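Asker: sequence-free structure coming up:
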């Protein structure tokens, strides 16, 4: 018995014995079978793979998976595999430190980053992605950018010479992975042969043939799985031959098998190498043939295309040779082109090109302006139809073409007064030919311009507002307004009243939200500062206020649809408020009675109404009308949905309430970014207004059980401030207002002033107003006055009398102002005191109840209301109305009670604040 059988492991002997138990043994074959098995086991032991091979093979397998995922745009799979790849690369750090970063790894990092950037820029593709893929794309993009910072030099080197890097990788791959793939193939072959021998009776000839078949099969698999793994077969053959020759004549069968397998695969690999060499020559030959043909198309053959786009050999001919081109023929051709419009499979871009070509033919043959106008109408309509989806916006090139076409159309209409266009002209009654009669064309240029304006809004809605692209797109607004102005001039001469109202509204919608700096500077007397002639010409032009006034008044007088008039009124109020014309804006709002029925209007009009009310409130604040400002902003701010109500974005918390379709509709209603109202400024104005009203009111009604809130949001902010365990210096705008409120409660106006007006608040809020300094001065004045009122309410019980001069010095107010404030408080019965004129002092009257008396009053009130409720319930059960307290008794009860109230605060008119 051979010495090799004695050294076999326990596990191997157990496996062989179990196999022997299962399969029936044929007499006389035991030795041969065990001989072959032992040989196989020796082969498996003999295969040794280096750590480098193992690690690099693991990396290449992961890279293949990533590349496959890239092909099918499976970002989730890419992300998962990339994370695994990073972990595997970390494991092989020791090998990488010795050998250097493998080129195939650098190549993947570079390719993956380029691929992700390309996907990121493809906005259409991103929209089509599902949620998981889109999320994985953004995560992977961030990870790869961060990861690639460590390999910037290697990636740069690869990008400079990608071909060399790829060639190096191809050279290294066979050397690194050859041995490992061979061992896999051998393992596979021998595993199959062992099973074959175990299952069936071993006979010499069939065994050899089966072994050959399995070897051939597994060889095919190994070669097909990895093309470059065949270069090291020869050396392995020599090694295995030399090792197996020592084992004696008993193993000749297995030696033959191994030898046959190696020669077979070696032949195959040599054939493959030859094939590889032949391939480039074949490619060169094909290219030469293509050059010789010169792009000529062979009938019934294949056509070579680039990037999946078929090569257009010639433009399709419009008319057959020798056809007389007249108006009737062109109209017929036009109708043929238009019949394909909207059908499935129609190439919209090609259709637009055909219409342009038709327009050129009509112009060449001097068929008159009528047919040209009709073709232009259809070209513009086709440009609008290029995106069949309503939510999609026009691409930049299509948008430029559209503007050019509308300009050309308006040029033709201005140059030719004998062209009449209208929607009411039937196609039968059109006159497109050159004749004595004027041209009559069916169409509406106003509808085209309105659609153009809507497309412009969609472009602005779908562009990132913080990018340069948004600024570039916004520059087109000048051109859009120019087209609207030209159309306005045209329709004033030839259009109906209804059409004029519609185009006026378009012009108003592009003007109402813009602050007229030139008019503002003129009003301040700074005209001489504009240096350039262009600036002087512009400043000499009509003020936006005059334009708005003229356009809106025409609509008020002539319009017969409520919607256009409502929009015009709201825009007019907004424009007045923006330019601090508070009284005109307020009067127009009150006269219009829009607040009564605005809830029945459509959502875009409601958004415009909300924007107008907000602007009105901000205007009132700038003018020092604190109460009016608070009332105007109350509805918007108390809802907690200011962003949504102003059409400046969707709230995430309401996403569950609406489906995808409703969300699309909501997004289409959003206001473009350049028309937004600053939400932080809006909230600050509201909170400061609430502070100036609420703090004196809270001081006056300190012991009132039925004290009502003027502003819930302001009280909420105060409660949030009180709940904070550690009070540091204020940081956010809200914290500044809360800190100022606490200071005002104590009558400390200087601290309050320092919290409201400082560098941080100036940069965030106050510097955004046109007349910044005037607003700050107004605020300081209001803070001083309200702090004085709060001080008197809080500390009046401490004083017997107080000098007005002392109050004037404390709050840095003039004595007449202090006198005026105190007089108002006494007249309104807010302060129980009298003025001593000779000594200029305020003498307090001790009529305020003590805290015990206040509690007794509260108890009396509650008992009275309880009795009243019981009587009412009793009367309802008995069916008798009136009750214990009739109206006279109720009135007398309340009158008696007033004598005990603190200065009659509970029944005061809140309009005084």
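Answerer: That came in fine, so what should we check first? None of the values given here were measured: they were computed from a predicted structure. Numbering: from 1, shown residues only.
Asker: So, low pLDDT: which residues of the stretch 101-250 of the chain?
Answerer: In the predicted model, the stretch 101-250 of the chain carries pLDDT under 70 at residues 163-250.
Asker: Same question for the strand or helix carrying residue 471: list its buried residues.
Answerer: For residue 471, the host element (DSSP states H and E) is helix 468-474. For helix 468-474, the buried set under the neighbour-count rule, 16 or more other CB atoms under 10 Å, comprises 470, 473-474. Every C-beta, even on glycine, is put in place using the N, C-alpha and C of the backbone.
Asker: Show me which residues of the helix or strand where residue 664 lies are buried.
Answerer: Taking DSSP H and E as the criterion, residue 664 maps to helix 660-668. Under the neighbour-count criterion of 16+ other CB under 10 Å, helix 660-668 has residue 666 buried.
Asker: so what secondary structure elements neighbour it?
Answerer: helix 445-461 (3 or more CB pairs under 8 Å, 6 or more residues apart in numbering; DSSP states H and E).
Asker: quick one on the thing from earlier: per-residue confidence averaged over whatever helix or strand comes next after the helix holding residue 664?
Answerer: Scanning forward in sequence from helix 660-668 by DSSP H and E, the next helix or strand is helix 679-700. The pLDDT scores in helix 679-700 average 92.
Asker: What residues of helix 679-700 count as buried?
Answerer: The neighbour-count check on helix 679-700 (16+ other CB under 10 Å) flags 681-700 as buried.
Asker: same question, stretch 378-390
Answerer: 378-383, 386-387.
Asker: Against which helices or strands is the helix holding residue 471 packed?
Answerer: So helix 468-474, by 3+ CB pairs under 8 Å, 6+ apart, packs with helix 445-461.
Asker: Now the helix it packs on: average pLDDT?
Answerer: Here the average pLDDT along helix 445-461 is 92.
Asker: Buried ones in it, by neighbour count?
Answerer: The neighbour-count check on helix 445-461 (16+ other CB under 10 Å) flags 445-446, 448-453, 455-461 as buried.
Asker: I would like the residues contacting it, please.
Answerer: Residues outside helix 445-461 that contact it (CB atoms under 8 Å, 6 or more residues apart in numbering) are 377, 380-381, 384, 393-394, 399, 402-403, 406, 409-410, 413, 421, 423, 470, 473-474, 476-477, 480, 483-484, 487, 490-491, 495, 499, 502-503, 506, 509, 667-668, 670, 672-674.
Asker: re earlier: quick check: mean pLDDT of the helix or strand just after the helix holding residue 471?
Answerer: Downstream of helix 468-474, the first helix or strand assigned by DSSP H and E is helix 476-494. For helix 476-494, the mean pLDDT works out to 91.
Asker: I would like the residues contacting helix 476-494, please.
Answerer: In contact with helix 476-494 (CB under 8 Å, 6+ apart) are residues 399, 403, 406-407, 410, 413-414, 420, 445-446, 449, 452-453, 456, 499-500, 503-504, 506-507, 510.
Asker: In helices, which of those residues appear?
Answerer: Per DSSP state H, helices hold the following members of those: 399, 403, 406-407, 410, 413-414, 445-446, 449, 452-453, 456, 499-500, 503-504, 506-507.
Asker: thinking again about what came up before, which of the contacts of helix 445-461 are buried?
Answerer: Using 16+ other CB under 10 Å as the burial test, the contacts of helix 445-461 include 377, 380-381, 393-394, 399, 402-403, 406, 409-410, 413, 421, 470, 473-474, 476, 480, 483-484, 487, 490-491, 495, 499, 502-503, 506, 509, 670, 672-673 as buried.
Asker: per-residue confidence at residue 566?
Answerer: Per-residue confidence at residue 566 stands at 94 (pLDDT).
Asker: how much space is there between it and residue 513?
Answerer: Distance of residue 566 to residue 513, computed by CB to CB, to the nearest Å: 17 Å.
Asker: just residue 776 next, same as before
Answerer: Residue 776 is 25 Å from residue 513, by CB to CB.
Asker: Same check on residue 791?
Answerer: Here residue 791 is placed at a distance of 42 Å from residue 513 (CB to CB).
Asker: Between those two, point out the one with more neighbours.
Answerer: For the pair residue 791 and residue 513, the greater number of neighbours falls to residue 791 (22 against 17), based on other CB atoms under 10 Å.
Asker: Mind telling me what element the more buried one is part of?
Answerer: Using DSSP H and E, residue 791 sits within helix 772-795.
Asker: What of residue 585?
Answerer: Element membership for residue 585 (DSSP H and E) is helix 582-592.
Asker: mean confidence for that helix?
Answerer: Taken as a whole, helix 582-592 has an average pLDDT of 93.
Asker: The very next helix or strand once past that helix packs against which elements?
Answerer: Note on helix 582-592: by DSSP H and E, the next helix or strand toward the C-terminus is helix 594-597. Counting contacts by 3+ CB pairs under 8 Å, 6+ apart, helix 594-597 packs against helix 562-578.
Asker: can you map out the helices along the stretch 801-913 of the chain?
Answerer: Here the stretch 801-913 of the chain has its helices, by DSSP state H, counting those that start in this stretch, at 804-811, 815-827, 851-878, 887-898.
Asker: now these as a markdown table including mean pLDDT, mean neighbour count and distance to residue 780?
Answerer: Compiled in a markdown table, the helices of the stretch 801-913 of the chain are given as follows (pLDDT from 0 to 100; neighbours: other CB atoms under 10 Å; distance: least, CB to CB, whole Å):
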| stretch | mean pLDDT | mean neighbour count | distance to residue 780 |
| --- | --- | --- | --- |
| helix 804-811 | 90 | 17 | 11 |
| helix 815-827 | 92 | 17 | 13 |
| helix 851-878 | 88 | 12 | 35 |
| helix 887-898 | 44 | 11 | 37 |
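Asker: Tabulate these (CSV), appending distance to residue 65.
Answerer: Listed next are the helices of the stretch 801-913 of the chain as CSV, based on distance: least, CB to CB, whole Å:
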stretch, distance to residue 65
helix 804-811, 76
helix 815-827, 79
helix 851-878, 76
helix 887-898, 84
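Asker: so which of these comes closest to residue 619?
Answerer: Relative to residue 619, the nearest member of the helices of the stretch 801-913 of the chain by CB to CB is helix 815-827, separated by 24.6 Å.
Asker: Give me the contact list for the closest one.
Answerer: Against helix 815-827 from outside (CB under 8 Å, 6+ apart): 785, 788-789, 792, 804-805, 807-808, 811, 831, 833-835, 840, 842, 912.
Asker: With respect to residue 597, which of the residues you listed is nearest?
Answerer: Proximity of those to residue 597, judged by CB to CB, is greatest for residue 912, which lies at 30.7 Å.
Asker: Buried by neighbour count: which residues of the helix or strand harbouring residue 90 qualify?
Answerer: Here residue 90 sits within helix 75-91, counting by DSSP H and E. By neighbour count on 16+ other CB under 10 Å, the buried set for helix 75-91 is 75-82, 85, 88-89.
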